[in-house]
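In: no FASTA, just this:
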């Protein structure tokens with residue numbers, strides 16, 4: 001089972017440089033009826049479309065493994081959780097530190113209000129030329145991390161999922177920590 005999950009994870013990640021966002025696109029492509037969950041048929045067809053050739057029994061086992069709630073359908077969060085690469089405690093800690101920097105209210109969600117005063121748009125070209133307002137730029141920034149329905153808020157789980165995908169392309173914890181510290185000025 002672990003080999004099949006690993007193979008599927010690698011296929012999903014190689015289809016998009018932005019890791020988990022690539023998996024999100026993969027899920028949407030597999031969800032041909034746009035029901036926001038995958039049936040066994042959609043999952044099976046998606047596996048074939050990826051060029052993976054698992055025996056039918058393995059596809060069914062993989063489907064059941066991912067379908068954590070046993071509802072005979074795979075929800076996006078189940079899909080994401082199963083395919084998210086495992087992370088070390090070092091990586092999880094630096095992600096939490098970055099999240100906390102932006103979650104000014106400490107409520108576990110980053111909103112536009114949390115970002116104001118922490119993320120400056122004053123030097124953003126689209127702000128300078130008047131093409132976008134501060135709120136529009138901050139919202140587009142949040143959308144990078146916002147998974148599934150774009151609701152203008154980013155949970156710690158969404159933030160972690162994003163960096164789990166990014167981290168899949170970074171070999172060592174030291175490189176990952178350096179990247180996070182540089183990106184978030186922590």
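Out: That came in fine, so what should we check first? Everything numeric here is computed off the predicted structure, so don't read it as measured data. Residues are numbered from 1 along each chain as shown.

In: quick check: the gap between the residue in the chain sticking out farthest from the centre and residue 101.
Out: If you look at how far each residue of the chain sits from its centre, by C-alpha atoms, centre = their mean, the farthest one is residue 129, at 31.4 Å. When C-beta to C-beta, to the nearest Å is the yardstick, residue 129 and residue 101 sit 28 Å from each other. No exception for glycine: its C-beta is placed from N, CA and C like everyone else's.

In: what of residue 107?
Out: Using C-beta to C-beta, we find residue 107 at a distance of 14 Å from residue 101.

In: higher neighbour count, the two?
Out: The residue with more neighbours, out of residue 107 and residue 101 and counting by other C-beta atoms under 10 Å, is residue 101; that gives 15 against 10.

In: give me the domain ranges for the protein.
Out: Here the domain parsing of the chain from automatic domain parsing is 2-83, 89-184.

In: got those domains as CSV, with mean pLDDT columns?
Out: Shown next, in CSV, are the domains of the chain (pLDDT from 0 to 100):
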stretch, mean pLDDT
domain 2-83, 80
domain 89-184, 89
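
In: which ones are touching residue 27?
Out: When the contact criterion is C-beta atoms under 8 Å, 6 or more residues apart in numbering, the partners of residue 27 are 38, 76, 79, 80.
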